[in-house]
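Engineer: Sequence first, predicted coordinates after that:
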Amino acid sequence: MKMLIKRVVRSMAGLPVLGRLIRIAVAVARLPYENERRDAFAREQLPMLLKNIADLNARVLAVERDPANLAESTPVALRMMARELAALRERIDQLEAGLRS
């Protein structure tokens, strides 16, 4: 039914006078959905992205100030990532075991 309505609206959107009104009506109908998506992005993802960018900028500045520190800190970061990866794998295994039982 929904596909039929879409097909009818698309065919009527090509009409000279009525088509413009239909296109406007479709745009108005989609407006709340688009506003909701944009607001959700601004509320949820944008602050996290800005925080990550600020963190990356701070790291780049720290590396530029002391390049020798990068060689010393890289193994530490790799070990931390390996621990986090192991913790994630363990959590996934626990969740899979919970789904099986």
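Structural biologist: Now that the structure is in, tell me what you want to look at.
Engineer: Just the pLDDT for the residue most central in space within the chain.
Structural biologist: Centroid-nearest residue in the chain, with Cα atoms, centre = their mean: Q45, separated by 6.4 Å. If you check Q45, the pLDDT there is 84.
Engineer: That one: what's it in contact with?
Structural biologist: Listed by Cβ atoms under 8 Å, 6 or more residues apart in numbering, Q45 has no contact partners. Where you see a C-beta, it was placed from the backbone N, CA and C, and this is true even at glycine.
Engineer: Which secondary structure elements does whichever strand or helix holds E72 sit against?
Structural biologist: E72 is part of helix 67-100, with elements assigned from DSSP states H and E. Secondary-structure packing of helix 67-100 (3 or more Cβ pairs under 8 Å, 6 or more residues apart in numbering; DSSP states H and E): helix 46-65.
Engineer: what's the angle between the helix it packs on and helix 67-100?
Structural biologist: Our comparison of helix 46-65 with helix 67-100, counting by axes from the mean of the first three to the mean of the last three Cα atoms, to 10 degrees, yields an angle of 150 degrees.
Engineer: What is the host helix or strand of E36 packed up against?
Structural biologist: Per DSSP H and E, E36 falls inside helix 16-40. Counting contacts by 3+ Cβ pairs under 8 Å, 6+ apart, helix 16-40 packs against helix 2-13.
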